[in-house]
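[1] Predicted model follows, preceded by the sequence.
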Amino acid sequence: MKLAPVTLGLLAGLASVGVQASELQFYGRIDYSVTNSDSGSATHDGKSGTILENNFTRVGIRGEVPINDALAFFYRAEVGLNGDDQDGKTVSSRPTYAGLKHDTFGSVAFGRIDPVFKMSKGFADAFDNYSLKHDRLFAGDKRHGDSLEYRTAKFSGLQLGVSYLFEDDYYSEDDPRKDNGNYQLALTYGDKQFRHSNLYLAAAYSDGIEDVEAARIVAHYKLNDWSFGTIMQQSELVNPNAAGYGERDGFGFIVSTTYQMGGWKLKAQYGEDDSGTGKIAGRVYGKLGDQVGDVPTVSQWALGAEYRFTKQLRFHTELGQFTVDEYSEFDDTITSVGLRYDF
């Protein structure tokens, strides 16, 4: 039995159930790029040359069912669709959870959830979802199953979020990472989508989740047609079994700007990191292992543009470069053009 048709059929069947439209929404995104990479260090799957990249294409259902005037049940079930793969792994796990939300006491959810440290980024990364995104520099952008999340209601624009990983379920019995805290905290202010405010701020902390202890500051500001963003992060690897344990500790940042010009959005970004916790440094350690001397320092520049044909359909293109000090074989230049459709 093939998993993809069964999964898609189930989602379509659920979407056709006779419930109010406000309770259930069927949604998705199709996003593919033709990308050229010198070394494969920065691409999603580590492939070099001219390749087809899947930028997290997905479908899902989500909804909310009122219980009373103040309390509601909410849910989300989403899967990734990997049409660029040749190994038969057509479907992959994405956010799937259920929870309760109260107007005064906030919300609690269980399942596979994007944790609060990850989501504190808002939209400060102008190249998020593509091969020039911030997780190439520093860690903190993964989601996990076996998770609990609590978020307070918003008070004067402020919201506190907590994520916890059920370590007994997530790790094997003798895994030393069970001794970490395996929780995250995030305090956010404002509106990350700039619908009600022109300012978004966040401070977040992670203890053990994604094998790092990290502190993050995020700021994103919109001024007329311009936006200016930054993510700053101190990271330390806390997995005793990983290569470079005890040495991979440092600071990273990105700064970004965008300019809206009619249907066009122009983008630029620069970043650096010396913690050795990002995706590119991880690939250095994955290939060289104990041969790695100094912790890799990775720097990045990126330019890009988007053009919206309609509210749902956009063209995007990216150009950028990563430089890895002392490990030049992992330097990577990325050029990419793609289409994205949201429904």
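    Cool, got the structure.

[2] Please name the residues that touch Leu201.
    Counting by C-beta atoms under 8 Å, 6 or more residues apart in numbering, Leu201 makes contact with Thr188, Tyr189, Gly190, Val218, Ala219, His220. Yep, even glycine has a C-beta here, placed from its N, CA and C like the rest.

[3] From those residues, pick the one nearest Gly271.
    When these are compared for distance to Gly271 (C-beta to C-beta), Val218 comes out closest, at 13.3 Å.

[4] Can you classify the closest one as helix, strand or coil?
    Applying DSSP: H, G, I helix; E, B strand; the rest coil to Val218 yields a three-state assignment of strand.

[5] what's around it, how many residues?
    23 (other C-beta atoms under 10 Å).

[6] what about it, distance to Phe110?
    26 Å (C-beta to C-beta, to the nearest Å).

[7] hey, where'd the strands end up in the stretch 51-200 of the chain?
    For the stretch 51-200 of the chain, the strands defined by DSSP state E, counting those that start in this stretch cover 58-66, 71-81, 91-102, 106-113, 144-151, 158-165, 183-190, 199-207.

[8] and of these, who's closest to Gln260?
    Per C-beta to C-beta, nearest to Gln260 of these: strand 199-207, 16.7 Å.

[9] The closest one to strand 183-190, inter-axis angle?
    170 degrees (axes from the mean of the first three to the mean of the last three C-alpha atoms, to 10 degrees).

[10] quick one: strand 199-207 to strand 158-165, angle?
    30 degrees.

[11] Show me how far strand 199-207 is from its chain's centre.
    14 Å (C-alpha atoms, centre = their mean, to the nearest Å).

[12] export it as CSV, just CAs?
    Presented in CSV, the C-alpha positions along strand 199-207 are these (Å, rounded to 0.1, in the frame of the first residue of the first chain):
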residue,chain,number,x,y,z
LEU,A,199,7.5,46.2,15.6
TYR,A,200,8.2,42.7,16.6
LEU,A,201,10.6,41.7,19.4
ALA,A,202,11.5,38.4,21.0
ALA,A,203,13.8,36.9,23.6
ALA,A,204,14.2,33.1,23.8
TYR,A,205,16.1,30.4,25.6
SER,A,206,16.6,26.7,24.8
ASP,A,207,18.0,24.1,27.1
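
[13] Show me what it pairs with in its sheet, parallel or antiparallel.
    Strand 199-207 has the following strand partners under DSSP bridges: strand 183-190 (antiparallel), strand 212-223 (antiparallel).

[14] for the chain, what are the low-confidence residue spans?
    1-22, 84-88 (pLDDT under 70).

[15] The strands of the stretch 51-200 of the chain: which one's closest to Arg340?
    strand 58-66 (11.7 Å).

[16] That closest one vs strand 91-102, what angle?
    20 degrees.

[17] So which elements touch strand 58-66?
    Secondary-structure packing of strand 58-66 (3 or more C-beta pairs under 8 Å, 6 or more residues apart in numbering; DSSP states H and E): helix 3-15, strand 24-37, strand 71-81, strand 91-102.

[18] Tabulate those (CSV), appending mean neighbour count and distance to Asp135.
    Shown next, in CSV, are the helices and strands packed on strand 58-66 (neighbours: other C-beta atoms under 10 Å; distance: least, C-beta to C-beta, whole Å):
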stretch, mean neighbour count, distance to Asp135
helix 3-15, 13, 26
strand 24-37, 18, 16
strand 71-81, 18, 16
strand 91-102, 16, 16
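
[19] Dump those into a markdown table; add distance to Ala305 as well.
    Output for the helices and strands packed on strand 58-66, formatted as a markdown table (distance: least, C-beta to C-beta, whole Å):
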| stretch | distance to Ala305 |
| --- | --- |
| helix 3-15 | 33 |
| strand 24-37 | 13 |
| strand 71-81 | 26 |
| strand 91-102 | 27 |
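
[20] so can I have TSV of the strands paired with strand 199-207 showing distance to Gly250?
    Formatted as TSV, these follow (distance: least, C-beta to C-beta, whole Å):
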stretch	distance to Gly250
strand 183-190	20
strand 212-223	11
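
[21] which residues pair with the closest residue to Pro95 other than its chain neighbours across the strands?
    In space, and not counting its chain neighbours, Pro95 is closest to Glu78: 5.1 Å by C-beta to C-beta, 6 or more residues apart in numbering. Glu78 forms beta bridges with Gly60, as assigned by DSSP bridges.

[22] any idea how far Glu78 lies from Ser131?
    22 Å.

[23] Over to Pro240?
    The value you get for Pro240 to Ser131, if C-beta to C-beta is used, is 30 Å.

[24] Give me the phi and psi for Leu132.
    Main-chain torsions, Leu132, degrees, to the nearest 10: phi -110, psi 20.

[25] which residues does it contact?
    By C-beta under 8 Å, 6+ apart, the neighbours of Leu132 are Ala42, Gln269, Gln300, Ala302, Gly304, Glu318, Gly320, Ile334.
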